[in-house]
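Student: here is my input; please provide its structure:
(2 chains)
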Amino acid sequence: MSIDHAPRGASITMRGLTKRYDAVTAVNAIDLEARPGEFLTLLGPSGSGKTTTLNMIAGFVDVTEGELQIDGKPVADLPPYRRNIGMVFQEYALFPHMTVTRNVEYPLRQRKFAKAERREKVAAALQTVGLEDYGGRMPKALSGGQQQRVALARAIVYEPRVLLMDEPLGALDKKLRDSLQLEIKRIHGELGTTFVYVTHDQDEALVLSDRIAVFNDARIEQVGTPTELYERPESVFVARFLGESSLFCGTVTDGRTVDVGGRRIVAGRGDCAPGDAVAVVVRPERIRIAAGESEPAAVNAVPGRVIQEIYLGNSRKVEVQLSDDTTVLVRESAGSITPTEPGQHIWLTFDPDNAAILPA
Amino acid sequence: MIRRSTTFWRALLLAFCAAVAVWLVAPSLIVVPLSFTDRASFNFPPSGWSAQWYTNFFTDPSWLWSLEASLRVGVLVAIVATVCGTAAAVAFSRTRFFGEQGLRALLLAPMIVPVIVVAIGIYAIYLRLNLLGTTLGFVVAHSVLALPFVIVPVLASLQGFDRRLEDAAAICGARRWTTFRTVTLPLVAPGVLSGALFAFATSFDEVILSLFIQSPYLQTLPVRMYSSVTRDTDPTIAAAATVILALTTALTVLASIITIRRSRVH
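Tutor: Sure thing, here's the model as predicted:
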């Protein structure tokens, strides 16, 4: 999708981009590139630097150090009004004293479009977001979801080549979020604009993004497609932040073999030196439960005790306590549930291919 | 039992409020009828009715001249103090700069410092600068007194203003001045408007400072009234007072209507 529309979106390049406030470093020398027409999500917990990064791209926050380029041209010294970027804010930020039409028209007026052209573009933008009959309303008279659609129309009406979104669905309820997510994805496909989207919601990131940059503590932990990040996380933080993970902590004995509480576990991925303290990370749906007393015949088998079972309709989650008192999660889908009961001693097995060694 | 005592306290509160209201309005209740008296005395209640003091007020050149002076100075003060006060309020709400607290205290000081102290200081300076009895002198001096009455309401309006709206305007392509004109100003307009009216009113009924900087060539209405009281016992002053009362009441009512209308629109 992003490749079809590549010429219409701009690229954004960040090199060593840093923002410091007195003693606090909000963004610490990040390197990141948004490709033309791509849907790039900045994902991370609050305070991880993702919003500050977005505000630097928009020009609301000065860059302390590093390079910021749009389409290869440095923009760090340009004020926001000269960057030709669109932006959707979390709390909509619609002008409360203007009608929907006047709001959407605002950027066109700044660009001195003629009246007829303004009317045409406003109508087209409102149609894109499904609000063609609401032009005469005041923002206050609209629901939260409708207000955010107006904000979206205002951000795309002048066809900027970059669109920034700062947790645009954060103030909405779950159902509305889901439907607007799909709409945002559709609009991204239609426009071919480069989207940079900030969220702390991992599901949202997985649904929307071409690529995700995971922020933690002012730095980027990993950048990749949703599949890459979910299947091959490069750090415990990423593994935990995107989806659920089960961690088996231990020490590397040699190569990809780890000693976990006296048992040898073999992992398919990971580079560590013998003696390193590591975590073997496995997704809960990749772990199977063996209910028998005797050790099952599998490469990786770890004993544990069932603590509790959580029924989720289409699947079941089982919390299992290991011999070192840490707990791990197992997720079984509805068709393949092994009957267990709390307190029962069981074995957990998983393929080396589904296990990765990450620095603890 | 509880209900009964609340009713009692509520009645007491109401009675107290009524007493305060009467206390505040009472002088007007005397002055307005007095301005329609048929005799050249301040006897109350008047023995008969006549509009002669209004005729006197609107035909005597010295009264008209000072009314015109007051209106001219008041309007200019409203403009100067509103522009400067709004600019100051925006600066205070936006940026943190060295000496900000000090500057803020300085600009708000005329609310606290006795006017007589300001008056003596300004008199001394004006004497040297030859500004006594000039429109410029009056406008500058009154603007100093009126500034706090603009800064305070505009700051209050700005506190409820969502700064992200300015970011939104900027990213839409609006330069800073355009953003201020099209987004910030319309949204803090009630504060600015009430500041402007207060500035006008401050100038319009200022006596102490005006007595110091007046000259035979420029007397504002309150100054003229003050000398009228000390010189002659003529109910024209009651007519003048009623005119001022009507004017300021009209302005205040107008301001409230505009504020209510605006808040309904939003």
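Student: got the contact list for the nearest residue to A:Gln344 once chain neighbours are set aside?
Tutor: Residue nearest to A:Gln344 in three dimensions, not counting chain neighbours: A:Val306, with 4.9 Å by CB to CB, 6 or more residues apart in numbering or on different chains. C-betas here are computed from N, CA, C, even on glycine. Residues near A:Val306 by CB atoms under 8 Å, 6 or more residues apart in numbering or on different chains: A:318-320, A:340-344, A:346.
Student: next structured bit after the helix or strand where A:Val306 lies?
Tutor: Assigned by DSSP states H and E, A:Val306 falls within strand A:300-311. Counting by DSSP H and E, the next helix or strand C-terminal to strand A:300-311 is strand A:315-322.
Student: got the contact list for residue 168?
Tutor: Chain wasn't specified; assuming chain A. By CB under 8 Å, 6+ apart, the neighbours of A:Pro168 are A:88-90, A:148, A:151-152, A:180, A:184, A:197.
Student: oops, I was thinking of chain B
Tutor: Per CB under 8 Å, 6+ apart, neighbours of B:Ala168: A:87, A:89, A:93-95, A:154, B:183.
Student: shouldn't it be within a helix?
Tutor: Yes. Judged by DSSP: H, G, I helix; E, B strand; the rest coil, B:Ala168 forms part of a helix.
Student: state the distance from it to B:Val118.
Tutor: With distances taken as CB to CB, to the nearest Å, B:Ala168 is found 42 Å from B:Val118.
Student: cool, A:Tyr158 as well?
Tutor: From A:Tyr158 to B:Val118 the distance is 52 Å (CB to CB).
Student: now swap in A:Arg15 and tell me
Tutor: 58 Å.
Student: ok, these two, which is more surrounded?
Tutor: Between A:Arg15 and B:Val118, counted using other CB atoms under 10 Å in any protein chain shown, the more crowded position is B:Val118 (18 against 13).
Student: now do stretch A:227-243: distance to the chain's middle.
Tutor: In terms of CA atoms, centre = their mean, to the nearest Å, the centre of stretch A:227-243 is found 11 Å from the chain centre.
Student: span of it from start to end?
Tutor: Separation of the first and last residues of stretch A:227-243 by CA to CA, to the nearest Å is 11 Å.
Student: for chain B, what is the nearest residue in the stretch 151-300 of chain A?
Tutor: Relative to chain B, the nearest point of the stretch 151-300 of chain A is A:Arg154 (6.9 Å; CB to the nearest CB).
Student: what's the helix or strand containing that residue packed up against?
Tutor: In the assignment (DSSP H and E), A:Arg154 maps to helix A:144-156. On a contact count with 3 or more CB pairs under 8 Å, 6 or more residues apart in numbering or on different chains; DSSP states H and E, helix A:144-156 meets strand A:86-88, helix A:100-110, helix A:115-128, helix A:174-191.
Student: so is the spatially most central residue of chain A in a helix, a strand, or just coil?
Tutor: Central residue of chain A (CA atoms, centre = their mean): A:Ala205, 3.3 Å from the mean position. Recorded secondary structure, A:Ala205: helix (three-state DSSP).
Student: residue contacts, it?
Tutor: A:41, A:43, A:197, A:199, A:212, A:226, A:242.
Student: measure A:Ala213 to A:Gly243 for me?
Tutor: 17 Å.
Student: and those two? which has more neighbours close in?
Tutor: Counted by other CB under 10 Å, A:Ala213 and A:Gly243 do not tie: A:Ala213 has more neighbours, with 25 against 18.
Student: enumerate the residues of chain A near chain B.
Tutor: A:58-60, A:79-81, A:83-87, A:89, A:91, A:93-97, A:106-107, A:110-111, A:138, A:140, A:154, A:158, A:164 (CB under 8 Å from any CB of the partner chain).
Student: put the buried members of these into a ChimeraX selection.
Tutor: A single ChimeraX command selects the buried members of these (16 or more other CB atoms under 10 Å in any protein chain shown):
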select /A:58,59,60,80,81,83,84,85,86,87,89,91,93,94,95,96,97,106,107,110,138,154,158,164
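Student: could you look up the SS state of the residue in the stretch 1-150 of chain B positioned nearest to chain A?
Tutor: Of all residues in the stretch 1-150 of chain B, B:Arg96 sits closest to chain A, at 12.2 Å by CB to the nearest CB. Under three-state DSSP, B:Arg96 falls in the coil class.
Student: remind me which residues of the chain are low pLDDT?
Tutor: Assuming you mean chain A. A:1-7 (pLDDT under 70).
Student: I was thinking of chain B, sorry if that wasn't clear
Tutor: In the prediction, chain B carries residues with pLDDT under 70 at positions B:1-3, B:262-266.
Student: which parts of chain B sit against chain A?
Tutor: Going by CB under 8 Å from any CB, the residues of chain B near chain A are B:162, B:164-165, B:167-175, B:178, B:182-183, B:186-187, B:265-266.
Student: restricted to helices, list the residues you listed.
Tutor: Among the residues of chain B next to chain A, the residues falling in helices (DSSP state H) are B:164-165, B:167-171, B:178, B:186-187, B:265.
Student: how much space separates the residue most central in space within chain B from B:Thr82?
Tutor: Central residue of chain B (CA atoms, centre = their mean): B:Ala201, 2.1 Å from the mean position. B:Ala201 sits at a distance of 13 Å from B:Thr82 (criterion: CB to CB).
Student: do the same with A:Glu117
Tutor: Applying CB to CB, the value for A:Glu117 to B:Thr82 is 37 Å.
Student: how about the strands in the stretch 1-150 of chain A?
Tutor: A:12-21, A:24-34, A:39-43, A:65-70, A:73-74, A:86-88 (DSSP state E, counting those that start in this stretch).
Student: relative to the shortest one, what are the paired strands and their orientations?
Tutor: So the one you mean is strand A:73-74. Its sheet considered, strand A:73-74 pairs with strand A:65-70 (antiparallel) by DSSP bridges.
Student: for the closest residue to A:Leu172 other than its chain neighbours, give me its contacts.
Tutor: For A:Leu172, ignoring the flanking residues on the chain, the nearest one in space by CB to CB, 6+ apart is A:Gly144 at 5.4 Å. Residues near A:Gly144 by CB under 8 Å, 6+ apart: A:92, A:171-172, A:176.
Student: in JSON lines, list those along with neighbour count.
Tutor: Listed next are the contacts of A:Gly144 as JSON lines, based on neighbours: other CB atoms under 10 Å in any protein chain shown:
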{"residue": "A:Tyr92", "neighbour count": "25"}
{"residue": "A:Ala171", "neighbour count": "16"}
{"residue": "A:Leu172", "neighbour count": "18"}
{"residue": "A:Leu176", "neighbour count": "16"}
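Student: which of those residues lies closest to B:Ala78?
Tutor: Nearest to B:Ala78 among the contacts of A:Gly144 is A:Tyr92, at 35.5 Å by CB to CB.
Student: hang on, the closest one packs against A:Val150?
Tutor: Yes. Using CB atoms under 8 Å as the test, A:Tyr92 is close enough to A:Val150 to be in contact (7.5 Å).
Student: between the two, what contacts are shared?
Tutor: Looking at what touches both A:Tyr92 and A:Val150 (by CB under 8 Å, 6+ apart), the common residues are A:Pro139.
Student: what's the distance between stretch A:255-266 and the middle of its chain?
Tutor: Distance, centroid of stretch A:255-266 to centroid of chain: 32 Å (CA atoms, centre = their mean).
Student: quick one: contacts of that stretch?
Tutor: So stretch A:255-266 is in contact with A:248-253, A:267-270, A:278, A:280, A:299-303, A:322-324, A:352, A:355, A:357, going by CB under 8 Å, 6+ apart.
Student: give me the buried entries from the residues you listed.
Tutor: So, of the contacts of stretch A:255-266, A:248-250, A:252, A:267, A:269-270, A:278, A:280, A:300-302, A:322, A:352, A:355, A:357 end up buried under the neighbour-count rule (16+ other CB under 10 Å).
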